[in-house]
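Participant: Okay, sequence plus prediction incoming.
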Amino acid sequence: MSQFMVTGANRGIGFGFVQQLLARGDRVIAACRHSGRASELNRLSGEYPGHLKVLPLDVAEPRSIAELVREVEMLELRIDVLINNAGMLIPGEAFGEVQARSLADSFATNAMGPFLLTQALAPRLAEGGKVVAISSGLGSIARTSRFGTPSYNISKAALNMAMRLLGHALAERRIAVLALSPGWVKTDMGGETAELEPARSVANMLGVIDALAFDADAVGRFLSHSGEVLPW
Ligand code: NDP
């Protein structure tokens, strides 16, 4: 049994992680913006007493990150696997109309938040533990072949760099760091026409996360939900 932390845990892929982790016996700290309103998560706390802790976190707010870390310290929790899942996508940005605010908000949520949260939680991460960020194929510079969702793509490329750097920073403690693409998933973000059910994507990603082992020659990896190496 491992202690996980999942951000953006109230819906979509994040909630899927919480469901599957609890069902297989792991412990989860589920972090989300409005923990009081996360009714599905709070229902699960009743179903899995002692295994699920729901804590508030807005990843785009450094003060909120500091409060979460303080709470984790007070509870003397040690985290084996941190899953930075919270993310946002602004659709429909056309070239010529991209706003500073969209770029800044996307960066704060998708790149700055996961980096700062991981940095702040580093002392609470178990030696030999794992840090995962739910990235996207749209963050791959090598695979970009058209102008689409620029604020999202730029912020996910920045997230990938953040993970690579964290891989180096945490290598001394043999913590494995992974940027992981979930595929195209049926959630509020992915939409109804997406290819994968959240449960399938999450099950695949848990397979990749479970198999992940620290490798001093490959710190900070970028993989798909089926374990394929993705080009940065
Ligand atoms: P959803 O839009 O369904 O859910 C997004 C989650 O992130 C929600 O829980 C949301 O919380 C949370 N969130 C957003 N901003 C913040 C914030 N500032 N602080 C804390 N939580 C926040 O998206 P998915 O479940 O599909 O996406 C999960 C991850 O997977 C994201 O990182 C996304 O980029 C990535 N991804 C998804 C793909 C897909 O096809 N669905 C494809 C590739 C990557 P709230 O309810 O409060 O808004």
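Facilitator: Okay, I see it.

Participant: Show me what from the chain comes close to the ligand.
Facilitator: 7-8, 10-14, 32-34, 57-60, 85-88, 109, 134, 136, 182, 184-185, 187-190, 194 (C-beta under 6 Å from any ligand atom). All C-beta atoms are positioned from the backbone trio N, CA, C, and that covers glycine.

Participant: run the last query once more with 5 Å
Facilitator: 8, 10-13, 33, 58-60, 85-88, 109, 134, 136, 184-185, 187-190 (C-beta under 5 Å from any ligand atom).

Participant: Now the terminal residues of stretch 186-200, how far apart.
Facilitator: One end of stretch 186-200 to the other measures 10 Å (C-alpha to C-alpha, to the nearest Å).

Participant: Kindly list the longest helix within the chain.
Facilitator: helix 150-170 (DSSP state H).

Participant: Give me the helices and strands touching it, please.
Facilitator: For helix 150-170, the packing partners by 3 or more C-beta pairs under 8 Å, 6 or more residues apart in numbering; DSSP states H and E come out as helix 100-107, helix 113-121, strand 125-134, strand 176-181, strand 221-224.

Participant: Output the lowest mean pLDDT helix or strand found in the chain.
Facilitator: helix 39-47 (a mean of 94; mean pLDDT, DSSP states H and E).

Participant: so how far is that one from its chain's centroid?
Facilitator: In this view, helix 39-47 has its centroid 21 Å away from the chain centroid, taken as C-alpha atoms, centre = their mean, to the nearest Å.

Participant: now the most far-flung residue of the chain relative to its centre: how far from the ligand?
Facilitator: Distance from the C-alpha centroid of the chain, by C-alpha atoms, centre = their mean, peaks at residue 96 (30.4 Å). Computed as C-beta to the nearest ligand atom, to the nearest Å, the residue 96 to the ligand distance reads 24 Å.

Participant: among the residues of the chain next to the ligand, which are in strands?
Facilitator: Taking DSSP state E, the ones among the residues of the chain next to the ligand that sit in strands are residue 134.

Participant: are any of the residues of the chain next to the ligand buried, and which?
Facilitator: 8, 10-13, 33, 58-60, 85-88, 109, 134, 136, 184-185, 187, 189-190 (16 or more other C-beta atoms under 10 Å).

Participant: Which ones among the residues you listed lie within helices?
Facilitator: 12, 13.

Participant: Between the two ends of stretch 193-202, how far is it?
Facilitator: 18 Å.

Participant: Am I right that residue 82 sits in a strand?
Facilitator: Yes - counting by DSSP: H, G, I helix; E, B strand; the rest coil, residue 82 is located in a strand.
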